[in-house]
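Q: only the shape, not the letters, is given here:
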Ligand SMILES: Nc1ncnc2c1ncn2[C@@H]1O[C@H](COP(=O)(O)OP(=O)(O)OP(=O)(O)O)[C@@H](O)[C@H]1O
Ligand SMILES: [Mg+2]
C-alpha cells in the first residue's frame, strides 16, 4: 500500500538498524542509507516523505543533505540527529530549515513521534497549498487552464505581445476562449489597471454600432438628446476588445481604421477629434484572411489589426485539456452552487474526453455546470451528463489514421497519469478520482511502471 516513505541516513549501523525497525513497525516504508551520498541518490529516485539524517557523517554530512533537500524537495521535512550536547549544530540546522532535531541519546519513541508529526506537517502544508490554488483560481475568473503544449506556446506569445501595444487578432472557433485570451493579454499588459471594454460588432445595426463605438454630440441625430462618449473613448488607457470584427458594416470599418491610425476619435456630429490611447484586440471565429479576399472585410483594416495573430486550437485538437478543464469547471461550479460534488466518475470522464465539442470549451463548461446541478453526492457520473455524449463519442471520435487505436491498457495508463497529475501526485486523491481503492491503484502503478512518480 501507499505507506509513507521515510529516508534514514546515519553512518552508525546500529542506530540505523534500530530506527529502521521502529519505523517499519509503524507501517512506514523505510530506506536506510549509511552515508549522505547514497541518501541523496535515494531521495532523487524515490517518493520520500520525510528525511531523518544524522548531522555528523564523513563525506556529505547532514547539513549538506538538509540543504539539498530544501533546494530540491522543499516540501519534504528533514529531521536532523545531533550529537551529545551539540546545541550549536542543532540551532544551525533549524536555521537552515530543518523541521526539528533529535539530540542523542534519544528514545526511539521520541523519534517515532517526531516522524509522525513531520508527516502530518507535510500533509497539512500540501493541503493548504492545494486550497490556496483553488481559492486563487476561483478568485481570478480569467485563469486559462491548459496543459497542451501548443496552447502553452500560444500563451507565451500572448504574454510577450501583451508587453507591447501591438494590435492583436485572435482567431478560433466559437467557445475556444477568445475573449478569455483577450482579457489575459489585457491583464498582462501595462494597461491592466485601465478598462477592458468589449464590444460585439455583430450585435447592432450600422448606425447603432457607429454611435456605440464613436459616441455622439448632442443633437447629432434624432434621438441624440445628450452627448455620449463612445466605447473607444471609454477604453482609453486600457484595451478595446472587438468581437466578431468582420461583422462591422464597411462604413464603420473605415471610421474604425481612421481612428486607429490617427489615434483619435471623431464623435458623430463633432468637428474636433479627441485623442485616445487604446490597444485593440479583435476576435473572429471566421477566417479573416479569406473574408478579406472575398471582400467581406476591408484589407487595410485587417492589416492594421492583424499585427499579431493568435489562433486558438479547437478543444478536440487538445484533448489532454478536457479532464483538466472538466475538473476546473467542476470546482468552480461546485463552489458557486455550494455542492459537495468533487469527483468525476471514470466512465463519465471517458465520455467527456471522447466527445468532439463543436461548441468547444463553453460546451464543456455547460456540461459540467449542468452535471453539478444534477449530481446529488460527491460524484458526477455519466447519468449527469447529456445522454448523447456516450453515443456520439463512438461515432465522432476517430483517431488519426496514421496511429493505431490505443489499447485499453494504454488508455488506462494514461487515465492514471492524468488522475495523478490532477491530484497533484496525491495517490489517495487520484484513486478517488478514478473510482478505485488505493490498493488497486498501487497495483496498477506497479503494473505500468508508474510507481514512484
Ligand atoms: N482554457 C480555458 N480555461 C478556463 N476557462 C476557459 C478556457 N477557455 C475557455 N474558457 C471559458 O469558456 C467560456 C467560453 O470562452 P470565451 O467566451 O472566451 O470563448 P469565445 O471564443 O470568445 O467564444 P465565442 O466565439 O462564442 O464568443 C468562458 O466561460 C471562458 O471563461
Ligand atoms: Mg466571445
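A: Cool, the structure landed. The structure presented is a predicted model; accordingly, all values stated were derived computationally and were not measured. Ligands and ions are numbered 1, 2, ... in the order given.
Q: quick one: residue 327 and residue 268, what's the gap?
A: 49 Å (CB to CB, to the nearest Å). Yep, even glycine has a C-beta here, placed from its N, CA and C like the rest.
Q: and those two? Which one has more around it.
A: residue 327 (22 against 18; other CB atoms under 10 Å).
Q: ok so that one is a helix residue?
A: Yes. Counting by DSSP: H, G, I helix; E, B strand; the rest coil, residue 327 is part of a helix.
Q: so who does the residue in the chain that ligand 1 sits nearest to touch?
A: Proximity of the chain to ligand 1 (CB to the nearest ligand atom) peaks at residue 177, 2.9 Å away. Residue 177 is in contact with 144, 312, 360-361, counting by CB atoms under 8 Å, 6 or more residues apart in numbering.
Q: what residues sit buried inside the longest helix along the chain?
A: Under DSSP state H, the helix in the chain containing the largest number of residues is helix 108-139. The neighbour-count check on helix 108-139 (16 or more other CB atoms under 10 Å) flags 111-112, 114-115, 118-119, 122 as buried.
Q: list the contacts of residue 68.
A: So residue 68 contacts 40, 43 (CB under 8 Å, 6+ apart).
Q: quick check on it: phi, psi?
A: phi -70, psi -40 (degrees, to the nearest 10).
Q: which pLDDT value does the model give it?
A: Each residue has a pLDDT score; the one for residue 68 is 93.
Q: do residue 397 as well
A: On the pLDDT scale, residue 397 is placed at 43.
Q: what of residue 401?
A: 47.
Q: cool, residue 249 as well?
A: Value for residue 249, per-residue pLDDT: 93.
Q: which non-adjacent residue is nearest it?
A: Distances taken as CB to CB, 6 or more residues apart in numbering put residue 206 closest to residue 249, at 3.9 Å, once the chain neighbours are dropped.
Q: contact partners for that neighbour?
A: Per CB under 8 Å, 6+ apart, neighbours of residue 206: 249, 251-252.
Q: cool, residue 171 as well?
A: Going by CB under 8 Å, 6+ apart, residue 171 touches 178, 283-285, 287-288, 309-312.
Q: restricted to buried residues, select those in ChimeraX.
A: Of the contacts of residue 171, the buried ones go into a single ChimeraX selection, burial set by 16+ other CB under 10 Å:
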select :178,283,284,285,288,310,312
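Q: all helices for the stretch 51-200 of the chain, in order.
A: With DSSP state H, counting those that start in this stretch as the criterion, the stretch 51-200 of the chain has helices at 62-72, 87-95, 108-139, 149-162, 178-187.
Q: I misspoke; the intended subject was the stretch 251-400 of the chain.
A: Counting by DSSP H, counting those that start in this stretch, the helices of the stretch 251-400 of the chain are 288-293, 299-305, 321-337, 346-354, 360-374, 388-396.
Q: ok, which of those helices comes nearest residue 230?
A: Proximity to residue 230, assessed across those by CB to CB, is greatest for helix 299-305 (17.3 Å).
Q: follow-up on the earlier one: export the contacts of residue 177 to a markdown table and tack on distance to residue 435?
A: Formatted as a markdown table, the contacts of residue 177 follow (distance: CB to CB, whole Å):
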| residue | distance to residue 435 |
| --- | --- |
| 144 | 29 |
| 312 | 32 |
| 360 | 27 |
| 361 | 25 |
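Q: okay, now the unreliable bits of the protein?
A: Along the chain, the model assigns pLDDT under 70 to residues 1, 84-85, 133-139, 391-407, 452-453.
Q: get me the contact residues on it for ligand 1.
A: 144-146, 172, 174-180, 285, 325, 328, 361-362, 365 (CB under 6 Å from any ligand atom).
Q: drop anything exposed from these.
A: 144-146, 172, 175-180, 285, 325, 328, 361, 365.
Q: can you show me the strands along the stretch 151-300 of the chain?
A: 168-171, 196-200, 215-216, 228-229, 239-243, 264-265, 274-275, 279-284 (DSSP state E, counting those that start in this stretch).
Q: just send these back as JSON lines, with distance to residue 23 too.
A: Shown next, in JSON lines, are the strands of the stretch 151-300 of the chain (distance: least, CB to CB, whole Å):
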{"stretch": "strand 168-171", "distance to residue 23": "56"}
{"stretch": "strand 196-200", "distance to residue 23": "56"}
{"stretch": "strand 215-216", "distance to residue 23": "74"}
{"stretch": "strand 228-229", "distance to residue 23": "71"}
{"stretch": "strand 239-243", "distance to residue 23": "58"}
{"stretch": "strand 264-265", "distance to residue 23": "73"}
{"stretch": "strand 274-275", "distance to residue 23": "73"}
{"stretch": "strand 279-284", "distance to residue 23": "58"}
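Q: in stretch 431-450, what counts as buried?
A: So stretch 431-450, judged by 16+ other CB under 10 Å, has buried residues 431-436, 441-442, 444-445, 448.
Q: show me the two of the contacts of residue 177 that sit farthest apart.
A: Checking the contacts of residue 177 with CB to CB, the most distant pair is 144 and 360, at 13.4 Å.
Q: what's the closest non-adjacent residue to the residue nearest to the spatial centre of the chain?
A: Nearest residue to the geometric centre of the chain (CA atoms, centre = their mean): residue 145, 4.0 Å. Nearest residue to residue 145, sequence neighbours excluded (CB to CB, 6+ apart): residue 328, at 4.5 Å.
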